[in-house]
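>>> I would like the atomic coordinates for the input below:
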Amino acid sequence: MIDTRLRRWLSPLFGRARKQPHGFRPRGTSSRVSRLAERYDEDVDAALQRLWPKARIYHDREFTRDRADFLLVVRGRGVMVETKVKSDPGVFRGSTLPPLLDRLQRDGRRLIVVLNQGDPTPARALIADRLGDKGCVVVWSGPQHDADLHGAVEALLQQMVRHQ
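Model prediction:
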């Protein structure tokens, strides 16, 4: 099919072509990781619904570094859920977590970071340093890890005191 829009043909000739900044160009790895992250969010959402069928799950529609992906409300108590996807099974350091941890530290909320694979030891140390026992990291890659996810969330829910 031939592009018949005259402006598209003439703009580059007169120097009016819009150049996209290098930072906005789609990269092969980022789009692949984005698709993995989207699919992983769906899988974690399904696991949360399976483990707590009566719970309410609120999704954040905007992707920002200082807000968690989900809010899971079980028996009137909430836990923030942040999903992280690694494309390799290496160490997860949590370098993208500080803005979120700063916000949650101010708000006093609980956080569980759900990681698809890798060694979360450095991230666990970071979360323990910032949030203490109000945060944790769980490696979850499917229903075989549901018990780990369930135990971590329930441990955070047990700590919480309902607001009056």
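>>> Could you check how many residues crowd around D69?
21 (other CB atoms under 10 Å). In short, each C-beta sits where N, CA and C put it, glycine included.
>>> Need the per-residue pLDDT for it.
In this model, D69 is scored at 91, pLDDT.
>>> Q158 versus that one, what's the distance?
23 Å (CB to CB, to the nearest Å).
>>> next structured bit after the longest helix seen in the chain?
Across the chain, the longest stretch assigned as helix under DSSP state H is helix 28-51. Downstream of helix 28-51, the first helix or strand assigned by DSSP states H and E is strand 56-59.
>>> returning to what we had before: from the chain's centroid, how far away is the longest helix of the chain?
9 Å (CA atoms, centre = their mean, to the nearest Å).
>>> low-scoring stretches of this structure, by residue?
1-31, 160-164 (pLDDT under 70).
>>> Helices of this structure, start to end?
6-10, 28-51, 98-107, 121-131, 146-159.
>>> Dump those helices to CSV, plus mean neighbour count and distance to V138.
Written out in CSV, the entries for the helices of the chain read as follows (neighbours: other CB atoms under 10 Å; distance: least, CB to CB, whole Å):
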stretch, mean neighbour count, distance to V138
helix 6-10, 9, 49
helix 28-51, 14, 10
helix 98-107, 16, 16
helix 121-131, 17, 10
helix 146-159, 15, 5
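>>> nearest to V139, of these?
helix 146-159 (7.3 Å; CB to CB).
>>> between the closest one and helix 28-51, how many degrees?
Taking axes from the mean of the first three to the mean of the last three CA atoms, to 10 degrees, one finds helix 146-159 and helix 28-51 inclined to each other by 70 degrees.
>>> Which strands or helices does helix 146-159 pack on?
Under the contact criterion of 3 or more CB pairs under 8 Å, 6 or more residues apart in numbering; DSSP states H and E, helix 146-159 touches helix 28-51, strand 70-74, strand 77-84, strand 111-115, strand 135-139.
>>> what's in contact with the first one?
Going back to what we said before, that points to helix 28-51. For helix 28-51, contacts defined as CB atoms under 8 Å, 6 or more residues apart in numbering pick out 55, 57, 59, 69-70, 72, 81, 83, 85, 87, 114, 116, 140, 142-143, 146, 149-150, 153.
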